[in-house]
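Peer 1: Build me a structure from this.
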Amino acid sequence: MSKSFKLNYLFNATVSAIAILLAVTPANALPGQNINTVVKWAKTRPQLPALRYNSEAHGYDGTKGKLYFYADVTSEDGTVTKEGITVSGGGLKFTTKNANAVKLLQNIYNSQIANDFQKSRYVTKVGRDLYYRGQKFAYITAEVQDGSSLQIIPLRSLQEFIDNAKYCQTNQCDL
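Peer 2: Below you'll find the predicted structure:
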């Protein structure tokens, strides 16, 4: 075999392997990733709205029907610090035991995230927010006016979010 044939064969095999890996691995956009990845990913999710930059919220958000989705970007490099879903209308409540809520997470993200939330361990309640520790991420749920919300945050940030919420109970915070 000639050198160029071997090189071409190796290149084609590598590109094919990458294509197969990308086709099998579902795309997920989660806290810790770049906002550009999240915006592109949201376009591929039929349940999610188109995301637009919201300077007041320090991130991207959008509404589609009764579902509101947002991704906070407070870091300088465009890294998503948390994502949230709010469903209005009172028909769905984000709890680890609610099959419809878990199914929604599976449809938006994947079964790994849905299972991580479902198996997450309750940590504490601060105000209206309930904090959960999963294996991959931490979660914050709350009953909000006419609906239910879920936030996904990096696992390493769980204590920071709890501490900030406790601080904001006794001090005026700009949320």
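
Peer 1: which residues in this protein form strands?
Peer 2: Secondary structure of the chain, counting by DSSP state E: strands at 52-54, 59-64, 67-72, 82-88, 121-126, 129-133, 137-144, 147-154.

Peer 1: per-residue confidence averaged over the first one?
Peer 2: Strand 52-54 shows a mean pLDDT of 92.

Peer 1: which other helices and strands contact it?
Peer 2: Under the contact criterion of 3 or more C-beta pairs under 8 Å, 6 or more residues apart in numbering; DSSP states H and E, strand 52-54 touches strand 59-64. (Each C-beta comes from the backbone N, C-alpha and C, glycine too.)

Peer 1: ok, the strand it packs on: who's next to it in the sheet?
Peer 2: Strand partners for strand 59-64, identified by DSSP bridges, are recorded as strand 52-54 (antiparallel), strand 67-72 (antiparallel).

Peer 1: that older thread, could I get the strands of the chain as JSON lines with mean neighbour count and distance to residue 33?
Peer 2: Listed next are the strands of the chain as JSON lines, based on neighbours: other C-beta atoms under 10 Å; distance: least, C-beta to C-beta, whole Å:
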{"stretch": "strand 52-54", "mean neighbour count": "11", "distance to residue 33": "17"}
{"stretch": "strand 59-64", "mean neighbour count": "17", "distance to residue 33": "12"}
{"stretch": "strand 67-72", "mean neighbour count": "22", "distance to residue 33": "9"}
{"stretch": "strand 82-88", "mean neighbour count": "21", "distance to residue 33": "10"}
{"stretch": "strand 121-126", "mean neighbour count": "14", "distance to residue 33": "24"}
{"stretch": "strand 129-133", "mean neighbour count": "19", "distance to residue 33": "20"}
{"stretch": "strand 137-144", "mean neighbour count": "21", "distance to residue 33": "12"}
{"stretch": "strand 147-154", "mean neighbour count": "21", "distance to residue 33": "10"}
